[in-house]
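S.K.: Take this sequence and fold it.
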Amino acid sequence: MGTKHSLFRRKRPVEEHYLLLEREEAGAVAIFSELRSIKKNISAGEKERQDLIQVRRRSHMTS
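M.R.: Reported below is the predicted structural model:
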């Protein structure tokens with residue numbers, strides 16, 4: 001009886017540890033997803049900025 005309970009006591013912290021790791025992993029995945037989204041938005045903004053520079057250059061050349 002004592003052995004059975006001690007085995008469960010030993011498993012529990014390990015299971016809790018794995019649950020914490022899963023939460024941390026999910027958090028890390030969410031962070032990297034957000035970083036990818038930010039990177040895409042920065043790239044889109046940079047492309048738009050370059051496009052506007054080209055439009056200004058063309059309008060100055062034709063003026």
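S.K.: In terms of helices and strands, where is the residue nearest the centre of the chain?
M.R.: In the chain, the centroid-proximal residue (C-alpha atoms, centre = their mean) is F32; its distance is 1.6 Å. For F32, the host element (DSSP states H and E) is helix 2-62.
S.K.: Mean confidence (pLDDT) on that helix, please.
M.R.: Predicted confidence along helix 2-62 averages 85 (mean pLDDT).
S.K.: neighbours of I38, just the number please.
M.R.: Residues near I38, counting by other C-beta atoms under 10 Å, number 10. Backbone N, C-alpha and C define where each C-beta goes, glycine included.
S.K.: what does Y18 give?
M.R.: For Y18, the count of nearby residues is 10 (other C-beta under 10 Å).
S.K.: repeat for the one 10 residues further on
M.R.: The number of residues packed near A28 is 10, by other C-beta under 10 Å.
S.K.: same question, A26
M.R.: By the other C-beta under 10 Å criterion, the neighbourhood of A26 contains 10 residues.
S.K.: about what we covered before: starting at the chain centroid, how far to the helix holding F32?
M.R.: 0 Å (C-alpha atoms, centre = their mean, to the nearest Å).
S.K.: same deal with stretch 53-63?
M.R.: A distance of 39 Å separates the C-alpha centroid of stretch 53-63 from that of its chain, computed with C-alpha atoms, centre = their mean.
S.K.: buried set for that stretch?
M.R.: For stretch 53-63, the neighbour count (16 or more other C-beta atoms under 10 Å) marks no residue as buried.
S.K.: and that stretch, C-alpha only, in PDB?
M.R.: Extracted as PDB, the C-alpha positions of stretch 53-63 are listed here (Å, rounded to 0.1, in the frame of the first residue of the first chain):
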ATOM      1  CA  ILE A  53       9.500  56.500 -52.800                       C
ATOM      2  CA  GLN A  54       9.300  55.200 -56.400                       C
ATOM      3  CA  VAL A  55       6.000  57.100 -57.000                       C
ATOM      4  CA  ARG A  56       7.600  60.300 -55.700                       C
ATOM      5  CA  ARG A  57      10.700  59.800 -57.900                       C
ATOM      6  CA  ARG A  58       8.600  59.200 -61.000                       C
ATOM      7  CA  SER A  59       6.400  62.300 -60.300                       C
ATOM      8  CA  HIS A  60       9.500  64.500 -59.800                       C
ATOM      9  CA  MET A  61      11.000  63.200 -63.100                       C
ATOM     10  CA  THR A  62       7.800  64.000 -65.000                       C
ATOM     11  CA  SER A  63       7.400  67.400 -63.500                       C
END
